[in-house]
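[1] dropping a prediction and its sequence here:
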Amino acid sequence: MDLHRLEVFCRVVELKSFTKAAEAVYLSQPTVSEHLRSLEEMVGQKLVDRLGREVLPTPAGQILYRYALQLLQLRQEATQALQQFSGTLAGHLTLGASTIPGTYILPALIGTFKARYPDIQTTLRIANSRLTAEGVLNGELEMGVIGARWNEPGLEWEEMFEDELVITVHPEHPWAKRRKVRLPELLQEPFIMRERFSGTRRVMSQILEEHGADLSRLPVVAEMGSTEAVRQSIKARIGVSILSRHAVAEDVERNTLVTVALEGIRLRRPIFLIKRRQRELSPLCSAFLQHLRAASPANP
């Protein structure tokens, strides 16, 4: 089975479009269509359905997609192993991360890693913690860095970094001149919540509930799908929120947002590296993992 055709097929499935897949692999759309037709003839099954403007895999296509990812990964690992044997390291590293580590922690570390191995290419996919974990489990990502942990037997979790969540308010909010607020006060203030599968939301909820908070009493006035949306909503005086200290550091320095402590409660959270259990990492991914461990406060 031709690996190049499998790679084209994977791009069609992932991008849900022949046109976008053609652009991604630098081929014409008719050539991409021909590769798909040849694959379908080879396996004797229809692999994709065209539903309006969207292209979706058939049940047979879903099966082939899973195995195609493994074959392409194996090709990449073989290439990297030979490069490592010859004293060089090159290739494409695809990582996943939730918003906070993906935006504020990993870019600098990717930069220092690339300075050491200039021939590598890196793709960093930022999504919420749950989607990142799903990507690691289904093989789309070799590993991920996320800000929450739950019971998932298919994953290995390693504490790598640390973050702190802080109450964040507008500079003209009454709390802006206070050092601390009490939990009952927080439960009475209009609150901007992150989306359901956000690591920030998961950790915040867990810690507050451990301290006896009934979050059903929290007056949620908005639910936002990104940290940036929450930051802008606080600036628009929609409400207050709890965000990563990393995410608001520049705003605090410019006095466009203010952070306040929660009395008697430290909203600390570890940042975890996740990888699929019993999966052997590629040489390139293994080298990046060593790079992360060397930079991690958890590994002095």
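    Perfect, I can see it now. Model, not experiment: these values are computed from the prediction.
[2] just the buried positions in whichever strand or helix holds residue 158, please.
    Secondary structure assignment for residue 158, by DSSP states H and E: strand 155-169. Judged by neighbour count using 16 or more other CB atoms under 10 Å, the buried positions of strand 155-169 are 155-158, 160-161, 163, 165-169. For glycine as for every other residue, the C-beta is placed from the backbone atoms N, C-alpha and C.
[3] farthest pair in the residues you listed?
    156 and 169 (38.1 Å; CB to CB).
[4] which residues touch the nearest residue to residue 89 once chain neighbours are set aside?
    Spatial nearest neighbour of residue 89, excluding adjacent residues (CB to CB, 6 or more residues apart in numbering): residue 117 at 4.8 Å. Listed by CB atoms under 8 Å, 6 or more residues apart in numbering, the contact partners of residue 117 are 89-90, 287.
[5] what of residue 72?
    Applying CB under 8 Å, 6+ apart, we find residue 72 in contact with 3, 6-7, 10.
[6] so which of those is the closest to residue 140?
    Nearest to residue 140 among these: residue 10, at 9.5 Å, using CB to CB.
[7] burial of the closest one, as a residue count?
    Per other CB atoms under 10 Å, the neighbour tally for residue 10 reads 21.
[8] phi and psi next, for it.
    Per-residue torsions, residue 10: phi -60, psi -40 (degrees, to the nearest 10).
[9] SS state for the nearest residue to it once chain neighbours are set aside?
    Spatial nearest neighbour of residue 10, chain neighbours left out: residue 68 (5.3 Å); criterion: CB to CB, 6+ apart. Under DSSP: H, G, I helix; E, B strand; the rest coil, residue 68 falls in the helix class.
[10] just give me the neighbour total for residue 68.
    Here the number of neighbours of residue 68 (other CB under 10 Å) works out to 21.
[11] ok, it touching residue 6?
    Yes: the criterion here is CB atoms under 8 Å, and residue 68 meets it with residue 6 at 4.2 Å.
[12] domains for the protein, by residue range?
    What automatic domain parsing lists as the domains of the chain is 1-86, 162-270.
[13] dump those to a markdown table, plus distance to residue 104 and mean pLDDT.
    Below are the domains of the chain laid out as a markdown table (distance: least, CB to CB, whole Å; pLDDT from 0 to 100):
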| stretch | distance to residue 104 | mean pLDDT |
| --- | --- | --- |
| domain 1-86 | 27 | 85 |
| domain 162-270 | 4 | 93 |
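[14] out of those domains, flag the one nearest residue 291.
    Ranking the domains of the chain by proximity to residue 291 (CB to CB) places domain 1-86 first, at 14.3 Å.
[15] put the buried members of the contacts of residue 117 into a ChimeraX selection.
    A single ChimeraX command is used to select the members of the contacts of residue 117 judged buried by 16+ other CB under 10 Å:
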select :89,287
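[16] make JSON lines from the contacts of residue 117 and add secondary structure to it.
    Formatted as JSON lines, the contacts of residue 117 follow (three-state DSSP):
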{"residue": "89", "secondary structure": "coil"}
{"residue": "90", "secondary structure": "coil"}
{"residue": "287", "secondary structure": "helix"}
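[17] and the contacts of residue 117, which is closest to residue 81?
    Nearest to residue 81 among the contacts of residue 117: residue 89, at 10.0 Å, using CB to CB.
[18] please report how far that closest one lies from residue 194.
    37 Å (CB to CB, to the nearest Å).
[19] now do the contacts for the spatially most central residue of the chain.
    Among the residues of the chain, the one closest to the centroid is residue 97, at 2.5 Å (CA atoms, centre = their mean). Under the criterion of CB under 8 Å, 6+ apart, the neighbours of residue 97 are 106, 124-126, 132, 144-146.
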